[in-house]
Structure formats: structure tokens, C-alpha cells
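In: Provided below for reference: sequence and predicted model.
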Amino acid sequence: MAFTALHRVLGVAPGPVTDELLDAAVTAGAVETNDLDWKSELPPAKGLPQTDFPKDVAAMANSGGGVIVYGVRESQKAAVSRVDVGEFDEAYERSLRSAAITAISPPVFGLVVHRLGAEGNRAVVVEVPASVDGPHLIYRNDYFGAPVRNDADTVWMKERQIEAMYRARFDERRHATEALDALFTEAAGGRNTHERAWLIAVAHPRAPRLSERLTRDQARDVLTKAKSMGEFYAGKGGVHPLDNVEHYNPRPGLRRWIAVNTTTDRSIWREAWAGIHHDGSVTVAAAVGGHRMSSDGHFEGFQVQSAAIECGIADLMGLVRATAEATGNDEYEVRVGIEWAGKAPLSILTIDNFGQTFDGVSTPLHHYTPVETSVNAIEAPLDYYWHVHDLAQDCVNQGGVSNVRMIHPPDRDDPQ
């Protein structure tokens, strides 16, 4: 459920952005503020980066986020009436998103665009998310500036304001690292890493949107959806952590829901745990060393099949995307590591040309350096799929394995 400036000015609970909501705000004569901007016309689609649209979006992002409403006439900053903005199709919407990325530095991701009303009363509402990457700059020829909202107006930041915003960005980076450290340490705690290697994968939203906590039913839905996504990204041929947790009955934990391990003593080699935190963070911990190699044999605890790493990453990224959709989060910081405390060096196993498991290309690892990345969890499905692939490739490359085996997104120019 969204809570926008339109909900705020009307004093209503979080909910969808609807035509009725906009009508009520206009009837109430809502006044422009830091997070609400009325516009009577859409910017022209041609040459959109050279219009005021990037400046307006950057100003909102630099001011903590807000909404820009196209299709409302105002007088003395107060809404007066609705105005039809004309035809607005998917191509126009893509142009808006593109301009927010290409004409602003650093880019503003995660715009949410709502098309409201019928012909004769059409409006467009653009939600600009709060950003932790400020200051967002606008370049015009040889000059640049950082716009910001000052109540109902857009002004340019002074040098000290820009300096303070850069300092806030660096502080946020430090806090994000600390949050990942805490999640990773907690997820790795208590695992029998002397006996078998464990994949520890965690993700934390860069700007957590603290809305209502997920219910058990909602957490169940997230886990079920994430399981399906993980199988889509990496197929069903490997050992998926989310196949080995109780995703139908998550248990309450400290400000989180926990999907507990369901393996038995005979299948303990595929033990796994997962968590969905109330702030949108997620964790996956899965035994990846010592997997079964035949009906009566297992690999050593230090031997990790590359396919197991890929399946773990696919499940984590599925959990990130499903959780982001349920909690309203977007950008995440992700960390994936392998914890092994045995004496033998860690070995990443792959498959040879004859389909046989071997470690001839593996680089012995006495320490696996966690791999980190940033991802927009609500980006286009194909772009996200490629992020899953690239993260998995980084993780197996560290062990001397060149290519992923399980995760094969289609070409980026594939029309599908």
C-alpha cells in the first residue's frame, strides 16, 4: 500500500493512487508542498531530457521524495481544477523513466507512474522515491546544479547544502555496510562450518520503507513466490534452499518471519534457513558443501558444486524481488559469501564436457571473499534476470570456474 502526498494532504490511510483520491485532493484545494507539485500539462515527449522534467524529478528526490501530478490547474499554489493531459501511452511512460536515468546524475530509479481518469479528464501521477544517492545533479551544457524543493518552489542548492548531502550519502553507505555486516554475521551464526561449507546470502534495502509488517499469510505468499522465481532463474535441476525450508508456515522471530529448515537427519546435507525482516531485509543460509554425489556417497565438506551456489543465489534474488514487491522497497544492497572453517581449502566443483563433476579448474580458496552488489529489485524482469546471472558468475569466478551452468537469461535484445 502506498502512502503519498495525496494521502497525506487528505489525512487518509495508505492505499492505491486512484482517480477518486486525486479528485478529493483537487476539491479540497490542496496546496503544493515539498512533496507535492501540481502541473497542468505533461512535458513534451520529444526532447524530454531538455525539459524541466529531470529538474522536477531531481528536486523531489533531493527533498525526500514526493509526487508530481500532471493534469491539475493551480492558482496561488492551490489546486483549482482537473485538466485533461491528452494521450499517454507506454512509450511516453518509458520516456519519463529514461529521462530520470539519463538526464540526472546519479540516476533516479524506481519512478512509479499512475495513469488516471478517462478521456477528457486524464491525469498522470509520478511518484518519485526518496533517494540516498543525493545530491542528484542536472547538467545543462557546461553547467550543473542540484535542484531541491523549497515548500512549493524549486530552487538550487547552495554549496554548503551540496556538501551536507554528499556527507549524508557517505554516511548512508557506511550504515548500509554495517547493516549488511550484522545480517551476514547473524545468518552465519551457529552453522556447522567445520563440517560443511555454507552459503550465506543477505540483502538490505538501501532506504527501508517502514510500512505495516507483513502478516504470516503475506510472508507465506512471498516465500512461495520467491521459490517459484528461484526455479525460474536457475531451473529445477539443482538443490534450491527454498525447497528445504517451511515456506507454508513461517515462524515469528525478532522483527522478522523465519522459514525454518525442513530436512531430516538423512538429508541434513541440504539444510537451509531463510528470513524476511519487517524492514524488507532478507537472508538465506544453506549448506552447500558435502552434497550427495551418488546414492551412497557425498562430496567432502569443502567441496562445493557451482550449481549449488547458483541455485542459492537464484533463490536469494527471488526472495529479494518478492519481498520488495510486498513491502514497497526498491534498491537493495546484496552480499553473498561462503563460510568454511575446515582445514582443507575450499574447492568449487563444476561439470566437464562429458557431464562429470570435477575440480580440475578450481582455484583452492583458504578464504572466500563475500561478493557485494547493488540491485534495483523492481526493475524490468529481463534486466533483473541478468543481475541474477552476473552475481552468480562473480561468485563462481572466484573459485576459478568460468561460466554459470544453471542461470541462462535470454539476450537483452530478445523481444520476449
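Out: Yep, it's here.

In: pLDDT weak spots in the stretch 101-250 of the chain?
Out: Residue ranges of the stretch 101-250 of the chain with pLDDT under 70: 210-211.

In: ok, and the closest non-adjacent residue to residue 186?
Out: Using C-beta to C-beta, 6 or more residues apart in numbering and skipping the chain neighbours, the partner closest in space to residue 186 is residue 283 (7.5 Å). All C-beta atoms are positioned from the backbone trio N, CA, C, and that covers glycine.

In: repeat that for residue 201.
Out: Leaving out its chain neighbours, the residue that sits closest to residue 201 by C-beta to C-beta, 6+ apart is residue 316, at 4.1 Å.

In: tell me which element the one you found falls in.
Out: Assignment of secondary structure by DSSP states H and E places residue 316 within helix 306-327.

In: chain center to that helix: distance?
Out: 11 Å (C-alpha atoms, centre = their mean, to the nearest Å).

In: need the mean per-residue confidence for that helix.
Out: Summarised as a single mean, pLDDT over helix 306-327 is 96.

In: name the residues of that helix that come out as buried.
Out: By 16 or more other C-beta atoms under 10 Å, the buried positions in helix 306-327 come out as 306-324, 326-327.

In: could you do stretch 87-104 as well?
Out: Counting neighbours by 16+ other C-beta under 10 Å, one finds that the buried residues in stretch 87-104 are 88, 92, 95-97, 99-100, 103-104.

In: one more: stretch 71-87?
Out: 71-72, 74, 77, 79, 82-83, 85.

In: just want the angle from whichever strand or helix holds residue 217 to helix 306-327.
Out: Per DSSP H and E: residue 217 is located in helix 216-234. Orientation check (axes from the mean of the first three to the mean of the last three C-alpha atoms, to 10 degrees): helix 216-234 against helix 306-327 gives 140 degrees.

In: can you give me how far helix 216-234 is from the chain middle?
Out: 15 Å.

In: hmm, who's touching that helix?
Out: For helix 216-234, the surrounding residues in contact (C-beta atoms under 8 Å, 6 or more residues apart in numbering) are 214, 240, 242-243, 245, 247-250, 252, 257, 259, 274, 276, 310-311, 313-319, 321-323, 326, 385, 388, 392, 406-407, 409.

In: can you give me the buried ones in the longest helix along the chain?
Out: The helix that spans the most residues within the chain, counting by DSSP state H, is helix 159-188. Of the residues in helix 159-188, 161-162, 165, 172, 176, 179-180, 183-184, 187-188 count as buried by neighbour count, 16+ other C-beta under 10 Å.

In: show me the chain divided up by domain.
Out: 5-160, 170-397 (automatic domain parsing).

In: follow-up on the earlier one: what lines up beside the helix or strand in which the residue nearest to residue 186 is found in the sheet?
Out: Element membership for residue 283 (DSSP H and E) is strand 282-287. Using DSSP bridges, the strands paired with strand 282-287 are strand 198-205 (antiparallel), strand 272-277 (antiparallel).
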